[in-house]
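turn this into a structure:
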Amino acid sequence: MSKISLLGAGTWGSALAILLANNGHDVTIWTKIEKEAKDLIENRHSLKNLPNAVLPDCIKVTLDLKEACTDKELIVMAVASPYIRQTAKEASPYIKEGQILVNVSKGIEDGTLFTLSDVIKDEIPQADIAVLSGPSHAEEVSRGVPTTVVVGAETKETARYIQDIFMNDIFRVYTSPDITGIELGGSLKNVIALAAGIVDGLGYGDNTKAALMTRGMAEISRLGISMGGKMETFAGLSGFGDLFVTCTSKHSRNWNAGYLMGQGKSMSDAMKQVNQVVEGVNSAKAALSLANKYGVEMPIVEQINLVLFEGKPAKEALSDLLVRDKRKEYSTLEWDE
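Predicted coordinates:
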């Protein structure tokens, strides 16, 4: 049994807390929001946004960040991406040298263009930072639906340690050294999921969405490889696997927000109706900035930014994608002379 804290009491943090408690670990959830802590304690059998899930009585809930970070074998960073830096800054004084910390949030920091593990490393340089990602809706993980993810770490030993902590007969964990690829796949797919929701909201069919997802992955992998990620990662669980589930499931906050925009709602109205953090909105800005920085063509990301932030009609954005200049599918594939 390991002592584990989860920083963040949202749906993903709560779902992973249930998983880890069921694996026999000593689990603590931290939140800085008093009402959220009270709700978790008083409504263990009716968790908000996690229907039919139960938070075991053995899971402790605390508002004390020092308590959550002290004397733990593993710390899981599960706050929403806009709050990663502030949470890491506040936690840093309580985190020991070599502390294993695994980030399970997805996004890119606006402004710095840091991946979230880089943000955490910037604030907690003494920690051994890993990432966990893949096609894993919190609603299903909390109910024990079979799920497969990948953990990336700087050393094989850390990756295997986290693998052993999380893995059981319904939650399978693979390991990888490609932290950069895992994080970029997990964050950029949210941008494509917004576009997929818009396509569905506009009433287009499977052909359209399949094309969008496939070309979206081409954009993600082009940028990711330019930043040091590996093609194998983008073809794997944290790449196409996560893209597929986020673009096709009604559990997806990003798909839902896009769907509402496709039906004519503004970005702000769609986000209010979803009533959860829509990571793809912040990631869309960052993705476009990264594309410009690395000289990578990302037409879907460009059009999504125009829809989100400049009021371009979604139907017009899709039309502009279709009438772009003719080209080969992959520039690296050539005919034999």
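
Provide the secondary structure category for residue 130.
The three-state assignment at residue 130 reads strand, by DSSP: H, G, I helix; E, B strand; the rest coil.

also residue 292?
Per three-state DSSP, residue 292 ends up helix.

residues contacting it?
Residues counted as contacts of residue 292 (C-beta atoms under 8 Å, 6 or more residues apart in numbering): none. Every C-beta, even on glycine, is put in place using the N, C-alpha and C of the backbone.

got a pLDDT number for it?
According to the predicted model, the pLDDT of residue 292 comes to 96.

next: the one 10 residues further on.
According to the model's per-residue confidence, residue 302 sits at a pLDDT of 95.

state the phi and psi torsions of it.
For residue 302, the backbone dihedrals are phi -60, psi -50 (criterion: degrees, to the nearest 10).

my guess is it contacts residue 288. True?
Yes - in terms of C-beta atoms under 8 Å, residue 302 counts as a neighbour of residue 288; the distance is 6.4 Å.

distance of residue 117 relative to residue 128?
With distances taken as C-beta to C-beta, to the nearest Å, residue 117 is found 11 Å from residue 128.

ok, these two, which is more surrounded?
Under the neighbour definition other C-beta atoms under 10 Å, residue 117 and residue 128 were set side by side, and residue 117 has more, 25 against 18.

helix or strand for the more buried one, which one?
According to DSSP states H and E, residue 117 maps onto helix 116-123.

endpoints of stretch 44-63, how far apart?
Start-to-end span of stretch 44-63 (C-alpha to C-alpha, to the nearest Å) is 17 Å.

just how off-centre is that stretch within its chain?
Between the mean C-alpha location of stretch 44-63 and the chain-wide mean there is a distance of 21 Å, by C-alpha atoms, centre = their mean, to the nearest Å.

next one: stretch 277-286
Relative to the mean C-alpha coordinate of its chain, stretch 277-286 is positioned 10 Å out (C-alpha atoms, centre = their mean).

same question for stretch 208-217.
Taking C-alpha atoms, centre = their mean, one finds stretch 208-217 lying 19 Å from the centre of the chain it belongs to.

rounded mean pLDDT for it, please.
In this model, stretch 208-217 carries a mean pLDDT of 94.

what comes up buried for that stretch?
Of the residues in stretch 208-217, 208, 209, 212, 213, 215, 216, 217 count as buried by neighbour count, 16 or more other C-beta atoms under 10 Å.

how about residues contacting it?
Contacts with stretch 208-217, where a contact means C-beta under 8 Å, 6+ apart, come from 189, 191-192, 195-196, 199-200, 234, 239-240, 243-244, 247-248, 300, 318.

switch the cut-off to 6 Å
Stretch 208-217 is contacted by residues 192, 195, 196, 199, 240, 243, 247, 300 when judged by C-beta atoms under 6 Å, 6 or more residues apart in numbering.

packing partners of the helix holding residue 117?
Using 3 or more C-beta pairs under 6 Å, 6 or more residues apart in numbering; DSSP states H and E as the contact criterion, the secondary-structure elements in contact with helix 116-123 are helix 84-91, strand 100-103, strand 128-133.

noted, bye for now.
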